[in-house]
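*Asks:* model this:
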Amino acid sequence: MATSKNFELGSFANNIDHDPTNGDTTIANNVILAGELRGPSTLILDPAGIGDNTGTVQIKGNLQVDGTQTTINSTTLDIDDINITLAKGAANALAANGAGITIDGANATFTYDNANDRWTMNKPLSANIVGMSIDQLTDVDTTTTAPTNGQTIIWNGTNFVPGASFSQADFNTAFASKTTTNLVEGTNLYYTNAKVDTHLASGNVQDIVVRDISARNIETSGNFTVNGTFTSVNQATLSVSDSKIFLAVGNVGDVLDVGTIYNYNDGANRTAGIFRDASDGKFNFYTNYTPAVGTTLDKTHASYTAGTIAAYEFEGRIDWDNIYDKDDVIFNSIEVGNLTVTGTQTINNAVTVSTENPLILLNNNPSLNVDTGLIGKYKESGVTRSSGVFRDASDGKFKFFTNSTQAFTDSSIINPSATGFTLAIVQASEFIGALAWTSITGKPNIPSTLGDLTNVDTNTNPPTNGQALVYSTANAEWAPASVGGGGGGLFALLSL
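*Replies:* Have a look, this model is predicted:
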């Protein structure tokens, strides 16, 4: 039985580890308490890593703090609740007086004022105020004298108060009695038609600098220079007699994308256009771009879409890597010097393929021993089949075949086990070279031994040493037998 100063571990030895060097006790599993968890005046919960203010303490239930102060030293406080209650349990508004928010360091407060039943701040507020009346402004007095219809508010030295307004009619009456003679011209010159006509007729007009000008027709006999950052032309049609239009003059360092941009709206503002990309010097056609176009276009933007060019003919070099949907590329006629195809399949739909080359080289630059040859497809009984001649990599022999249903897509192996694969019949007027007799079909049965002859019997009585073949008229055949001198039987056999 354990004493008050010691643990009797027993079966808990595998779950509790006590380190006497530092007094730490490690418990491997959950700790379930039936009462309170008590500790010193400062009780620390330190999840791993120990001592570095990291880790997470998770309370799977409600948290109630009954002390008088709660201090949170974290840099970010996230609260899922949509409402925070301050001064909870206050008996009335007086008890909640002064409740609010204080920002330490800035000495900024936002607190409740019970005496006036309103919020107060000790710092100016920058905001759009909604639902507030002009009567609530501290420097406006509409209570002493209520405003009447058509009045404005006028400063009386203390507040803004309702007063008589200066109407449009009053202004028109006063303005009608004035002329330009009543104006002090000063440095802000005013112009009349007569003044302008006189000035232009003097011939002393050189440069006219204006901000905004609206005119019907403007014709200049010299150069027209716009030094602003934006020129807007609102014509339906812009006609230019010049044969060349120069853009981005002074593009030092080649940092500007240069081109023409077209706006359109299909439910959203977009642009399309042609431009030279300063990053690589290439001209780009594009059909969709949603950001505002600045000095450059971002081709990596999600909305950027390269455009499609429709033309009768293209002259010049086209990079094959820049052609997409290569399976759909159709050439009615093409003439090239050297044509290199790096794909896995080339399809030619011509009825006849002709070449002036005396040799066709297959599998150029080989890296493996693969089947090579020529294959033709045909359809029989609704089934696509193939026939051809190829060098079988497995044995190095050339083979003619027919009737194979193998799908020759990207495969470099011809499968003799494919359904229908049959070695084909080769017809020729003459074959030159060695032929294996065992591989010839329909060949005559040529005897290879005397016993294979139809009128020779060497099986019934096999010959022994010194015997000869002797003809038997009774059996009408030759058979081994012992004979005397003269060798007539042998000579008779050779006479055959």
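*Asks:* So Gln168 versus Phe175, what's the distance?
*Replies:* In this view, Gln168 and Phe175 are 10 Å apart by Cβ to Cβ, to the nearest Å. The way it works is simple: take the backbone N, C-alpha and C, and place the C-beta from them, glycine included.
*Asks:* likewise Asp266?
*Replies:* 50 Å.
*Asks:* Low-confidence ranges, this protein, go.
*Replies:* 1-14, 165, 167, 185-190, 203-216, 325-333, 343-345, 409-412, 484-496 (pLDDT under 70).
*Asks:* In which helix or strand does the spatially most central residue of the chain reside?
*Replies:* Residue closest to the mean C-alpha point of the chain, counted by Cα atoms, centre = their mean, is Ala302 at 7.8 Å. Using DSSP states H and E, Ala302 falls within no helix or strand.
*Asks:* show me the residues around it that make contact.
*Replies:* Contact criterion Cβ atoms under 8 Å, 6 or more residues apart in numbering gives no residues in contact with Ala302.
*Asks:* distance of it from Pro291?
*Replies:* Distance from Ala302 to Pro291, by Cβ to Cβ: 10 Å.
*Asks:* ok, which stretches of the stretch 351-496 of the chain are strands?
*Replies:* 372-380, 383-391, 398-404, 422-423, 468-472, 477-481 (DSSP state E, counting those that start in this stretch).
*Asks:* What are the buried residues along the third one?
*Replies:* Spelled out, it's strand 398-404. By neighbour count with 16 or more other Cβ atoms under 10 Å, strand 398-404 contains the buried residues Lys399, Phe401, Thr402, Asn403, Ser404.
*Asks:* Pick the one among those residues closest to Ala424.
*Replies:* Thr402 (4.2 Å; Cβ to Cβ).
*Asks:* which ones are touching that closest one?
*Replies:* Applying Cβ under 8 Å, 6+ apart, the residues near Thr402 are Arg385, Ser387, Thr422, Leu423, Ala424.
*Asks:* if we can go back for a sec, redo the strands of the stretch 351-496 of the chain as a markdown table? Include distance to Thr142.
*Replies:* Formatted as a markdown table, the strands of the stretch 351-496 of the chain follow (distance: least, Cβ to Cβ, whole Å):
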| stretch | distance to Thr142 |
| --- | --- |
| strand 372-380 | 97 |
| strand 383-391 | 95 |
| strand 398-404 | 102 |
| strand 422-423 | 109 |
| strand 468-472 | 153 |
| strand 477-481 | 151 |
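*Asks:* Just to be sure, Asp321 is in a helix?
*Replies:* Yes - using DSSP: H, G, I helix; E, B strand; the rest coil, the assignment for Asp321 is a helix.
*Asks:* on that earlier part again, give me the buried subset of the contacts of Thr402.
*Replies:* Arg385, Ser387.
*Asks:* Can you say which two of the contacts of Thr402 are spatially most distant?
*Replies:* The widest separation within those (Cβ to Cβ) is 14.3 Å, between Arg385 and Leu423.
*Asks:* Show me where this protein has its helices.
*Replies:* In the chain, the segments counted as helices under DSSP state H are 168-176, 193-201, 488-494.
*Asks:* Need the winner for burial among these.
*Replies:* Stretch with highest mean neighbour count among these: helix 488-494 (a mean of 13; mean count of other Cβ atoms under 10 Å).
*Asks:* Mind splitting the protein into its structural domains?
*Replies:* As given by automatic domain parsing, the domain ranges for the chain are 92-127, 244-332, 370-443, 450-494.
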